[in-house]
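Novice: Sharing a sequence plus its predicted fold:
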Amino acid sequence: MKISVPYGKTVMTAEVPEGNLLGVYESSLPPPAPDPVRDIRQAMDNPIGSPRLEELALGKKNAVVITSDHTRPVPSHLMMPEILRALRAGNPAIDVTILVATGAHRATTQAELAAKLGPEIAGREKIVVHDALDDRAMADLGTLPSGGALRVNRLAVEAELLVGEGFIEPHFFAGFSGGRKSILPGLASRETICANHCAEFIRSPYARTGVLENNPIHRDMLFAAEKAGLDFILNVVIDPAKRIVKSFAGDPRAAHGAGCGFLRSSCGITVPEADIVITSNGGYPLDQNIYQCVKGMTAGEAVCRKGGVIILSASCVDGHGGKSFYEHLASQTPEEILASVAAVSRNATVPDQWQFQILARIMASYTVILVTKDCDHRMIRRMHLTPAATLQEALDQALKITGPRARVSVIPDGVSVIPQRS
């Protein structure tokens, strides 16, 4: 049977013997909204647990609108015009700044801003790109419930009206993206991000895809959003083709909670235990580097038998995605990494530790084959991953490892589902 999974802006294909294939497992999201702008406006005109944004803008001198960075497929070119329209309809004189929530990622370029927001908004509006290393740009907001220092971009904290724009998807250790994540990690200092992403929290059985209750990472993020004064959010759920399915607007906690509930009902999949799991990181822009692709690998981890093979299709055109991430993986075995991070205290967490910790956890139990024709295979091998140029080559390698009767499951988009074993 011919199967297809996302790869960059295209797809990778392979043929799986029908006797081996357990099934192809995808979310059951409803079809995309026929008119996405109308869907956004309906959500904003009927906010959850909050007055309309036009009302919130009344009497405010300024507003900061948080937007996600270049690594997130948020349809900002549709969402941002509606946010700006609502703010200025309520208060034509309001001074608006768009603040790009990069977290600990590299700065978003002007070209990326134009592609994301549209050239008109990117060229006309006042835009600031967050820098997690700029201590002078941070405001001290006390201490997180976990004990870490809470430092957040001063522009956001001092805004009279703070609005977050983003999307909600299953997240491999925060439970779900969106909502409170605009603040932490989006606008936090590196020190704060590292404390929240500490080894102890990453090890928690509650720091998993689709889990919010008892999740220590989520608890810190909620606290940070409230302390920073996040007033209103517009979040959307998108399908694998990056089209808006449903929009949620209003109170950050209530609107985000409604979006997470919607996703739970449509993205949960039950998959039989497999010897080989074929998946992806959802294609562009989520598969630009190996760092981001750890997310997709966790979908395979959830349903693959120990000792099995996880195959991930991803362009990784930008390479490894993080110097610290790469150096740790290239200099130690997965088992050595897990032993070393276990001894790192919360406030001594180093950049990228959470990502190489999760990848090491996966590699310690599974063979991981990374399918890419755009990334240096020698570098991939140095990171203790197995490279392949095509999906068919990867499957052939996996069958040699697991045997010709191996059970194969296909999860085309590993970042859009909440998988569990049947």
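Specialist: Okay, I see it. On a predicted model such as this, the values are computed, not experimentally measured, just so you know.
Novice: Dihedrals phi and psi, the residue nearest to residue 422 when sequence neighbours are not counted?
Specialist: Distance criterion Cβ to Cβ, 6 or more residues apart in numbering; nearest residue to residue 422, sequence neighbours excluded, is residue 270 at 4.6 Å. C-beta coordinates here come from the backbone N, C-alpha and C atoms, glycine included. Per-residue torsions, residue 270: phi -110, psi 120 (degrees, to the nearest 10).
Novice: Residue numbering should commence at 26 henceforth.
Specialist: Sure, I'll start numbering at 26, so the last one becomes residue 295.
Novice: What residues are bridge-paired with residue 295?
Specialist: residue 445 (DSSP bridges).
Novice: residue contacts, it?
Specialist: 444, 445, 446, 447 (Cβ atoms under 8 Å, 6 or more residues apart in numbering).
Novice: Most widely separated two among those residues?
Specialist: 444 and 447 (10.2 Å; Cβ to Cβ).
Novice: more neighbours, those two?
Specialist: residue 444 (25 against 9; other Cβ atoms under 10 Å).
Novice: What score does that one have for pLDDT?
Specialist: Looking at residue 444, its pLDDT stands at 95.
Novice: pretty sure residue 328 is touching residue 301, no?
Specialist: No - using Cβ atoms under 8 Å, residue 328 makes no contact with residue 301, being 10.7 Å away.
Novice: which residues do these two both contact?
Specialist: By Cβ under 8 Å, 6+ apart, the residues touching both residue 328 and residue 301 are residue 434.
Novice: between the two, which one's more packed in?
Specialist: residue 301 (30 against 24).
Novice: Show me what the more buried one bridges to in the sheet.
Specialist: Beta-bridge partners of residue 301, as defined by DSSP bridges: residue 334, residue 433.
Novice: Model confidence for it, exactly?
Specialist: For residue 301, pLDDT reads 98.
Novice: Hmm, residue 420 and it touching each other?
Specialist: Yes - between residue 301 and residue 420 there is a contact under Cβ under 8 Å: 7.3 Å.
Novice: Now for these two: what residues contact both?
Specialist: Contacts common to residue 301 and residue 420, judged by Cβ under 8 Å, 6+ apart, are 336, 433.
Novice: How is the protein divided into domains?
Specialist: For the chain, automatic domain parsing gives the domain ranges 27-52+297-446, 61-291.
Novice: How far does the first one sit from its chain's centre?
Specialist: Meaning domain 27-52+297-446. 16 Å (Cα atoms, centre = their mean, to the nearest Å).
Novice: ends of that domain, how far apart?
Specialist: Using Cα to Cα, to the nearest Å, one end of domain 27-52+297-446 lies 24 Å from the other.
Novice: quick one on the thing from earlier: now the common contact residues for residue 444 and residue 447.
Specialist: 295, 296.
Novice: now residue 330, what's its secondary structure?
Specialist: When classified by DSSP: H, G, I helix; E, B strand; the rest coil, residue 330 comes out as strand.
Novice: Does it touch residue 298 like I think?
Specialist: Yes - between residue 330 and residue 298 there is a contact at 5.2 Å, judged by Cβ under 8 Å.
Novice: what separates the residue nearest to residue 447 from residue 322, distance-wise?
Specialist: According to Cβ to Cβ, to the nearest Å, residue 295 stands 19 Å off from residue 322.
Novice: now swap in residue 195 and tell me
Specialist: 14 Å.
Novice: These two: which is more packed in?
Specialist: Taking neighbours as other Cβ under 10 Å, residue 195 and residue 322 compare with residue 322 leading, 30 against 27.
Novice: what is the mean pLDDT for the helix or strand where that one lies?
Specialist: Per DSSP states H and E: residue 322 is located in helix 315-328. Averaging pLDDT along helix 315-328 gives 96.
Novice: likewise stretch 367-386?
Specialist: 93.
Novice: which residues sit against it?
Specialist: Contacts for stretch 367-386 (Cβ under 8 Å, 6+ apart): 129, 171-174, 197-198, 215, 219-220, 222-228, 316, 319, 322-323, 326, 347-350, 353-354, 359-360, 362-363, 366.
Novice: repeat that with 7 Å
Specialist: Outside stretch 367-386, the residues within contact range by Cβ atoms under 7 Å, 6 or more residues apart in numbering are 129, 171-173, 198, 215, 219-220, 222-225, 227, 316, 319, 323, 347, 349-350, 353-354, 359, 362-363, 366.
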